[in-house]
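Trainee: Build the 3D model from these lines:
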Amino acid sequence: MSSAPDTDGEAFIETMGVADRARRHGPQILDRGVLFNLWAPSATSVELLEAGQASRRMSCDDEGWYQVFSATAHPGSRYQFRINGELVVPDPASCFQPEDVSEPSEVIDVASLRDPVPYSGRSWSEVVIYELHVGTFSQEGTYAGVEKRLDYLRDLGITAIELMPLNDVPGRHNWGYDGVLLNSPNARYGRPEDLKRLLKAAHDRDMLVYLDVVYNHFGPQLNYLHSYAENFFSNRHSTGWGPAVNLEGKDGVFVRQFLIANALMWLRDYGFDGLRLDAVHALKDDSRPHFLFELAHTVRSQLAGRQVHLMLENEANQAHLLERPQGQATLYDAQWGDDFHNALHVLLTGETEGYYEAFADKPLEHLARSLAEGFAYQGEVFPLHNKPRGQPSGHLPPEAIIFFAQNHDQVGNRPLGERLTKLVGDEKLKQAMVLLILNPHIPLLFMGEEAAAQTPFLFFADWEGDAARLTREGRRKEFAHFKAFSSPELRKGIPDPCDEATFMASKLGWDMLDRSPISRERRRLTQELLNIRREKIVPLIRSEFVEAKAELLGAFAAGSGGINVQWQTAKGERLQIVTNFSTEALPLPPLIPGETLWGAQHASGHFYLSPTEIIVRRGADLDVI
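Mentor: Below is the predicted model of the structure:
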């Protein structure tokens, strides 16, 4: 069907005020219809294809913005764009794709989802994060499947759930980090209204909900932006996952607006309580202010009065993004603490391949420094790339770093997706859980960890054609230097990411977990620890930790020995954790006066710390550490 000039629509646009005509990504719902917008500076023509209507030619300004008004469109309408008379694409700012990413977009009034009175939230000091993948957390693989377990998580002591990325991706299943339509929550999990229902159910239980977002790259398949907005991507920078988004120059302004609008949509319209920004070290931006500064300042100024938490994954360990000038985070509340995890994993498992190599020579020292100062690498040369990594972090409070013993990356990036329950014994698992929950950093649990789940969490996607082949081959090539997969025959045992069975194997088996005595015992342990944290550790965090020190115990060889870490608040309150990672008993260091939160109450004359033993003490000694 050929298109014709939409003179009525153009006349309506001309009557609109300047503020109403401001260039913005996505459809704008108005009283008389919908104004459709598309930034397509590389296109020569764009048409709106509205279901059941004749195509409409869109007008273009000198900045590459195409617009057309439709008096027949409304929330629920389906539409696409036709580029240069040939390529039919969804709206890159689509707020919902009822079918798949290449199919028609649906007009969604996301503003109607906003709460009249936003949930007041909870303070950062109270946060205990539970990371989950919606598609594998339940057998249903839906928002409703998550909602069914909210009471369980609340009663366990979880105060915040973090959803892995929801942005739409091609196919039936994916981790979400290769999204192509950032504003569109994946239809496999439910409609936007279902997502909002999940958030409301969590808020009714006084639980926070965070979302993982990816702004540094787009997925490799069915991403049409290159076809009509070449400058959406940088010709100066790239990432390990493909071209970097363009955050610089005149065109970079529109890209930054697109990404910041995405963050505001999740936080303001859906009511998410915070965002975790994935791999921000891959956000290549030489302009000023850096995109991360603009994003944080915009969010905090536009959502003033709400407790919004912003978190980072940042391999660069940039402490300046976590500063607290007056005791409050002005940019980002916290960063994921990979250093803590990597050092702990080496001590627990003895594994030293891959990125664990950088922590293999002195894991005790790396762990102790992470506990006392946040980062293990604070400007020292990082062995994996032979360059300095990190900034000094000892001045930051412990709650500026999020600690974990497992997460989606550290489990799913393993060739076979094994959890710690498959790698170490029960006593070491217990030691790790006590250390994770009863230290003053913010703890994160990965779904099923609290119940000693045995099911793997594998890397999965639903690519087709060359993308599937390259993903399969790349996955196996990635582990060619690992001893266990040193031959092509051995690498055939690595599950195919694009096989449906790989996705299904990653689903948590709740029926088994609910019946298992081991799982019930581990849940009791987790609940007990979280109760102690709420009653004894959180008050110390609120008092503000101002000093910390760490001591190595009996470090006879790499991976052997224990640690003695102490923190002190501004009020003189003290917290101490002593634990033994060696296979031999170690001399017990002096314990601070006060109460034992965990571990044996060592009597006078008991001078040794047994293997895997962990003692947590809290005291009110006013002596300076």
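
Trainee: Alpha carbons of the one helix or strand residue 568 maps to, as CSV, please.
Mentor: Using DSSP states H and E, residue 568 maps to strand 562-569. These are the backbone C-alpha positions of strand 562-569, laid out as CSV (Å, rounded to 0.1, in the frame of the first residue of the first chain):
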residue,chain,number,x,y,z
GLY,A,562,42.7,-17.3,58.2
ILE,A,563,41.7,-13.7,58.6
ASN,A,564,40.8,-11.4,61.5
VAL,A,565,38.9,-8.3,60.4
GLN,A,566,37.6,-5.6,62.6
TRP,A,567,35.4,-2.5,61.9
GLN,A,568,34.6,0.4,64.2
THR,A,569,31.7,2.9,64.0
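
Trainee: which other helices and strands contact the helix or strand following it?
Mentor: Using DSSP H and E, the helix or strand that directly follows strand 562-569 along the chain is strand 574-580. On a contact count with 3 or more C-beta pairs under 8 Å, 6 or more residues apart in numbering; DSSP states H and E, strand 574-580 meets helix 426-437, strand 545-553, strand 562-569, strand 608-609, strand 614-619. No exception for glycine: its C-beta is placed from N, CA and C like everyone else's.

Trainee: what's the least confident stretch among those?
Mentor: Out of those, strand 608-609 stands lowest, with a mean of 92 (criterion: mean pLDDT).

Trainee: for that strand, the distance to its chain's centre please.
Mentor: 39 Å (C-alpha atoms, centre = their mean, to the nearest Å).

Trainee: That one pairs with which strands, parallel or anti?
Mentor: Strand pairing for strand 608-609, using DSSP bridges, gives strand 586-587 (antiparallel).

Trainee: So for residue 419, which of the helices and strands packed on strand 574-580 sits nearest?
Mentor: Minimum separation from residue 419 across the helices and strands packed on strand 574-580 (C-beta to C-beta) falls at helix 426-437, 9.6 Å.

Trainee: Name the residues of that closest one that come out as buried.
Mentor: Residues of helix 426-437 classed as buried: 428-437 (neighbour count, 16 or more other C-beta atoms under 10 Å).

Trainee: Likewise for stretch 323-334?
Mentor: For stretch 323-334, a neighbour-count test (16+ other C-beta under 10 Å) marks 324, 329, 331-334 as buried.

Trainee: Any regions of this protein where pLDDT drops low?
Mentor: The chain contains residues with pLDDT under 70 at 1-23, 555-559, 602-606, 621-625.

Trainee: Surely residue 544 touches residue 567?
Mentor: No - in this structure, residue 544 is not within contact of residue 567 by C-beta atoms under 8 Å, at 10.5 Å.

Trainee: related to what we said a few turns ago, ok, which of the helices and strands packed on strand 574-580 comes nearest residue 394?
Mentor: strand 545-553 (7.7 Å).

Trainee: From what I see, residue 335 and residue 315 are in contact.
Mentor: No - using C-beta under 8 Å, residue 335 makes no contact with residue 315, being 9.9 Å away.

Trainee: ok, these two, which is more surrounded?
Mentor: Taking neighbours as other C-beta atoms under 10 Å, residue 335 and residue 315 compare with residue 335 leading, 27 against 18.

Trainee: Is that one in a helix, a strand, or coil?
Mentor: Following DSSP: H, G, I helix; E, B strand; the rest coil, the label given to residue 335 is strand.

Trainee: partner residues bridging it?
Mentor: The partner list for residue 335 in beta bridges (DSSP bridges) reads residue 312, residue 401.

Trainee: Surely residue 114 touches residue 267?
Mentor: No - the criterion here is C-beta under 8 Å, and residue 114 misses it with residue 267 at 10.5 Å.

Trainee: Neighbour count: those two, which is higher?
Mentor: residue 267 (21 against 12).

Trainee: which ones are touching the more buried one?
Mentor: Shown in contact with residue 267 (C-beta atoms under 8 Å, 6 or more residues apart in numbering): 273-275, 299, 303, 308.

Trainee: so which of these is the most crowded?
Mentor: Result: residue 273 is most packed of those (other C-beta under 10 Å), 27 neighbours.

Trainee: show me what contacts that one?
Mentor: 119, 121-122, 160, 208-210, 267, 307-309.

Trainee: Identify the bridge partners of the residue nearest to it when sequence neighbours are not counted.
Mentor: Sequence neighbours aside, residue 208 is the residue nearest to residue 273 in space, at 4.1 Å (criterion: C-beta to C-beta, 6 or more residues apart in numbering). Beta-bridge partners recorded for residue 208 (DSSP bridges): residue 160.

Trainee: Residue 208 touches residue 160, doesn't it?
Mentor: Yes - Residue 208 lies in contact with residue 160 (C-beta under 8 Å); the separation is 3.8 Å.

Trainee: what's the overlap in contacts for those two?
Mentor: Between them, residue 208 and residue 160 share these contacting residues under C-beta under 8 Å, 6+ apart: 122, 127, 273-274.

Trainee: Please convert these to CSV, extending it with secondary structure and distance to residue 295.
Mentor: Compiled in CSV, the shared contacts of residue 208 and residue 160 are given as follows (DSSP: H, G, I helix; E, B strand; the rest coil; distance: C-beta to C-beta, whole Å):
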residue, secondary structure, distance to residue 295
122, coil, 22
127, coil, 20
273, coil, 16
274, strand, 13
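
Trainee: from these, which is closest to residue 364?
Mentor: Nearest to residue 364, judged by C-beta to C-beta, of the shared contacts of residue 208 and residue 160 is residue 127 at 27.8 Å.

Trainee: Go ahead and confirm that closest one touches residue 160.
Mentor: Yes - using C-beta under 8 Å, residue 127 is in contact with residue 160, at 5.1 Å.

Trainee: Spit out the residues that contact the two alike.
Mentor: Counting by C-beta under 8 Å, 6+ apart, the residues touching both residue 127 and residue 160 are residue 208.

Trainee: for the helix or strand hosting residue 296, which positions count as buried?
Mentor: Taking DSSP H and E as the definition, one finds residue 296 inside helix 291-302. Going by neighbour count (16+ other C-beta under 10 Å), the buried part of helix 291-302 is 291-292, 294-296, 298-300.
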